[in-house]
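**Q** next come a sequence and a model predicted from it.
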Amino acid sequence: MEQLYTRWGKTLDADHVLQEYPRPLLKRDSYVNLNGYWDYAVTKQFKRPEKYDGRILVPFSPESALSGVGRQLQPDEYLWYRIQDGRFSPDWEKLDQGMRLILHFGAVDQSCRVYVNGREAAKHTGGYLPFSADITEYLGKASNEILAAVKDLSDTSYHAKGKQKLKKGGMFYTAQSGIWQTVWMEYVPGCYITELAAEPDLDRKLVRICVRSALDLPVKIQVCAPAICQQGHEKECAVIAEGSGTSNRYIEIPIPEVQPWTCGEPWLYEYTVTMGEDRAESYFALRTFTVEPDETGIPRICMNGEVQFQNGVLDQGYWPDGLYTAPSDEAMIFDIREMKKLGFNMIRKHIKIEPQRWYYHCDRLGMVVWQDMVNGGTCYRHWFVTYAATLISWRKWNMADIYPRLLSRTHKEGRLEFVREMKETIRLLKGHPSIAVWVIFNEGWGQFQTEDMTRIARECDGTRLIDQASGWFDQKGGDLQSIHNYFFKLEFTAEKERATVLSEFGGYSLRVEQHSACRKLYGYGTHKTMESLNAAYKKQMQKVKEQIPNGLCASVYTQLSDVEEEMNGIFTYDREVCKLRL
């Protein structure tokens with residue numbers, strides 16, 4: 001495979017890697033970024049290395065070019081990270097005043113143990129979700145060291161894995177491991193705000209906000225006038241509403257100036273919370289996503305009570321130089337903005353959880369998001385859940401989800417882990433107004449107890465739509481009749497209650513010389529010229545439009561960019577060539 005670089009990877013400053021604040025929904029003034037060079041070592045035993053193999057550029061995984069390592073971590077190996085004084089120096093003036101130091105990892109794939117000065121401070125399993133630890137008690141005034149030990153079973157276990165595969169090829173890509181999101185620290189008071197949960201209510205013109213903390217303390221909330229933040233910079237704004245109460249209880253605040261969030265006008269309301277010595281900033285938006293009947297009785301997806309056809313694109317979230325990690329904040333913005341320029345108003349984030357800044361950019365730029373849960377389960381029977389299903393379409397047989405061996409869900413531990421991670425995913429991302437749909441399962445990959453999972457997701461968040469089974473193995477629940485169609489005639493029959501969506505289609509492939517990572521090509525219809533691909537795309541999009549009167553409510557074109565052998569992207573893998581001429 002040929003190594004490609006994006007324009008952002010080529011100009012990457014190793015001394016200033018992904019410096020932007022990583023948690024937009026709970027922002028403090030205190031922020032210490034630990035991205036940059038760490039020592040690393042790979043060992044066969046779970047034993048602190050006596051010497052290190054070199055330096056790795058955090059937060060890029062060792063398999064990526066930008067990490068400076070370029071090595072595949074195997075399931076029987078351990079990856080060790082170390083950072084010491086110089087890069088990691090506590091502020092003892094703050095700590096001596098009673099402040100606490102919290103260490104955050106945005107995401108580490110797959111299992112991680114963190115040691116501070118030789119003492120275990122945290123352990124976490126799950127390669128897509130953040131975790132943190134109060135490391136105050138482990139610090140020393142003479143010297144300090146953070147050590148992280150990582151093990152990644154990749155696709156050899158039941159853990160969440162997404163599109164990662166040790167034997168990559170076709171629609172499955174390079175397995176990556178270790179730290180792949182920002183590592184950072186913050187100083188907080190002894191009792192501090194741990195979470196901000198906002199529940200906007202457009203119909204009642206109010207917002208309910210819960211400030212979570214270890215103790216019940218008085219809180220004050222100030223809501224600013226709505227603003228559109230297309231450039232991402234913050235402006236001072238007038239306070240239009242205030243509320244007060246106690247932490248760990250919802251505080252209801254009427255909103256006098258109602259500006260609904262839409263794709264064209266993504267109004268955001270910033271707000272500030274004060275609790276004792278702690279102060280944090282966040283934002284929310286007023287909007288609704290529902291399924292409602294149109295004048296003919298056909299169920300339609302609606303935004304703010306108005307029918308909206310969601311014209312979407314599938315996004316795998318892979319980069320040729322950073323793999324799971326975008327080389328810069330600007331790179332993430334580029335993908336979102338370019339899709340908007342091409343007329344897409346929705347991105348389906350495909351079986352990956354992005355850094356929270358990606359969702360923030362969708363919030364402020366007005367891009368609707370369908371968020372997949374990350375698939376898990378043991379080794380898939382692709383002849384059954386992927387290839388045969390794509391060519392034959394299992395939907396005709398209304399197959400139940402009661403075959404754990406065929407659907408790779410034989411491990412009880414894996415099923416319980418999926419439930420826990422689904423709950424954590426929804427809790428983590430629930431505050432982002434751009435998210436319209438939770439997609440629970442994709443094409444039967446690790447699917448099980450679909451109705452139960454739908455119920456649990458609905459209990460976690462009753463304000464969004466649920467696609468319980470994207471592709472096939474439909475169990476007739478959720479809000480969407482969700483169809484994948486790459487090879488058959490586009491024909492749809494509306495249901496009585498669920499909206500009908502084409503959640504994957506297209507996938508037309510074109511290899512662009514000097515901008516493709518592989519010679520081998522994978523896709524759902526190969527083209528040799530831009531003209532041929534564009535003609536096929538326009539013809540298929542016309543067929544999609546013709547199905548809207550029959551009940552089609554959304555479509556998701558495969559896909560935003562090429563990824564390794566899968567060259568069916570609108571953009572090449574390096575984001576240098578746009579194949580569509582619209």
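**A** Arrived safely.
**Q** where in the stretch 1-150 of the chain is pLDDT low?
**A** By pLDDT under 70, the stretch 1-150 of the chain contains no weakly predicted segment.
**Q** likewise the chain?
**A** Short version for the chain, where the test is pLDDT under 70: 232-235, 393-397.
**Q** how is it divided into domains?
**A** 7-188, 193-276, 306-558 (automatic domain parsing).
**Q** quick one: closest of these to Phe571.
**A** Smallest distance to Phe571 across the domains of the chain (Cβ to Cβ): 7.1 Å, for domain 306-558. The C-beta positions use only the backbone N, C-alpha and C, and glycine is treated the same way.
**Q** how distant is that closest one from the center of its chain?
**A** Relative to its parent chain, domain 306-558 has a centroid offset of 12 Å by Cα atoms, centre = their mean, to the nearest Å.
**Q** and the strands in the stretch 1-150 of the chain?
**A** For the stretch 1-150 of the chain, the strands defined by DSSP state E, counting those that start in this stretch cover 32-33, 36-43, 54-58, 78-84, 100-105, 108-109, 111-116, 119-125, 131-134, 145-151.
**Q** which one of those lies closest to Phe492?
**A** Of all the strands of the stretch 1-150 of the chain, it is strand 108-109 that lies closest to Phe492, at 37.8 Å by Cβ to Cβ.
**Q** with adjacent residues omitted, what lies nearest to Val544?
**A** Ser555 (5.0 Å; Cβ to Cβ, 6 or more residues apart in numbering).
**Q** name the element Ala535 belongs to?
**A** According to DSSP states H and E, Ala535 maps onto helix 530-546.
**Q** for Ile209, same thing?
**A** strand 206-213.
**Q** do Arg337 as well
**A** Assigned by DSSP H and E, Arg337 belongs to helix 329-341.
**Q** now that helix: buried residues?
**A** Asp329, Ala331, Met332, Ile333, Phe334, Asp335, Ile336, Glu338, Met339 (16 or more other Cβ atoms under 10 Å).
**Q** kindly report the same for stretch 159-168.
**A** Across stretch 159-168, burial judged by 16+ other Cβ under 10 Å covers His159, Ala160, Lys161, Gly162, Lys163, Gln164, Lys165, Leu166, Lys168.
**Q** one more: stretch 260-269?
**A** Buried, per 16+ other Cβ under 10 Å, within stretch 260-269: Pro260, Trp261, Thr262, Cys263, Pro266, Trp267, Leu268, Tyr269.
**Q** wait, doesn't the third one sit right on Phe289?
**A** No - if you go by Cβ atoms under 8 Å, Thr262 and Phe289 don't touch, sitting 11.6 Å apart.
**Q** and Glu423, its phi and psi?
**A** Just so we're on the same page, residue 423 is Lys rather than Glu. The phi and psi values for Lys423, taken as degrees, to the nearest 10, are phi -60, psi -40.
**Q** circling back: need the max-distance pair from the buried residues of helix 329-341.
**A** It's Asp329 and Met339 that sit farthest apart of the buried residues of helix 329-341, by Cβ to Cβ, at 16.7 Å.
**Q** which parts of the protein are helices?
**A** 7-10, 92-96, 329-341, 356-365, 382, 388-392, 412-429, 450-460, 530-546 (DSSP state H).
**Q** can you tell me which of those helices is most buried?
**A** Highest mean neighbour count among these (mean count of other Cβ atoms under 10 Å): helix 356-365, with a mean of 23.
**Q** contacting residues around that one?
**A** Residues from elsewhere that reach helix 356-365 (Cβ atoms under 8 Å, 6 or more residues apart in numbering): 20-25, 106, 228-230, 232, 266, 268, 283, 285, 326, 329, 332-333, 336-337, 340, 347, 367-369, 428-429, 432-435.
**Q** check which helices and strands the strand holding Ile209 sits against.
**A** Strand 206-213 is packed against strand 193-201, strand 218-224, strand 250-254, strand 269-275, with contacts defined by 3 or more Cβ pairs under 8 Å, 6 or more residues apart in numbering; DSSP states H and E.
**Q** so what strands line up beside the third one?
**A** Neighbouring strands of strand 250-254 in its sheet, by DSSP bridges, are strand 206-213 (antiparallel).
**Q** now do the last one
**A** In its sheet, strand 269-275 lies beside strand 218-224 (antiparallel), strand 278-284 (antiparallel), with partners assigned from DSSP bridges.
**Q** and Gly54, how far from Leu268?
**A** 43 Å (Cβ to Cβ, to the nearest Å).
**Q** same thing with Met541?
**A** Per Cβ to Cβ, Met541 is found 31 Å from Leu268.
**Q** just Val385 next, same as before
**A** Taken as Cβ to Cβ, the span from Val385 to Leu268 is 40 Å.
**Q** what's the spacing between Ala389 and Phe473?
**A** Distance from Ala389 to Phe473, by Cβ to Cβ: 8 Å.
**Q** hey, what's in contact with both of those two?
**A** Common neighbours of Ala389 and Phe473, using Cβ under 8 Å, 6+ apart, are Glu443, Gly444.
**Q** OK, contacts around the closest residue to Ile255 other than its chain neighbours?
**A** Leaving aside its chain neighbours, Ile255 sits nearest to Lys205 (5.3 Å; criterion: Cβ to Cβ, 6+ apart). Taking Cβ under 8 Å, 6+ apart, we find Lys205 in contact with Pro254, Ile255, Val258, Leu286.
**Q** give me the buried entries from these.
**A** Here, 16+ other Cβ under 10 Å leaves Ile255, Leu286 buried among these.
**Q** which one of the contacts of Lys205 is nearest Glu546?
**A** Taking Cβ to Cβ as the measure, Glu546 sits nearest to Leu286 out of those, at 34.2 Å.
**Q** tally up the residues packed near Asp85, please.
**A** 12 (other Cβ atoms under 10 Å).
**Q** got a list of what it touches?
**A** Ser143, Asn144, Glu145.
**Q** contacts only, for the second one.
**A** The reference is to Asn144. Gln84, Asp85, Phe88, Ser89, Pro90, Val116, Asn117.
**Q** so how do I select the buried members of those in PyMOL?
**A** To isolate the buried subset of those in PyMOL, counting by 16+ other Cβ under 10 Å, use the following:
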select buried, resi 88+90+116
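**Q** any chance of the contacts of Asn144 in CSV, plus distance to Tyr40?
**A** Below are these laid out as CSV (distance: Cβ to Cβ, whole Å):
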residue, distance to Tyr40
Gln84, 13
Asp85, 18
Phe88, 15
Ser89, 21
Pro90, 23
Val116, 18
Asn117, 19
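**Q** nearest residue to the residue nearest the centre of the chain in space, please, no chain neighbours.
**A** Centroid check for the chain by Cα atoms, centre = their mean gives Ile353 as the closest residue, at 2.4 Å. Nearest residue to Ile353, sequence neighbours excluded (Cβ to Cβ, 6+ apart): Tyr128, at 4.3 Å.
**Q** and that neighbour, how many neighbours?
**A** Counted with other Cβ under 10 Å, residues neighbouring Tyr128 total 26.
**Q** so the residue nearest to Val544 touches Val501, yeah?
**A** Yes - between Ser555 and Val501 there is a contact under Cβ under 8 Å: 7.2 Å.
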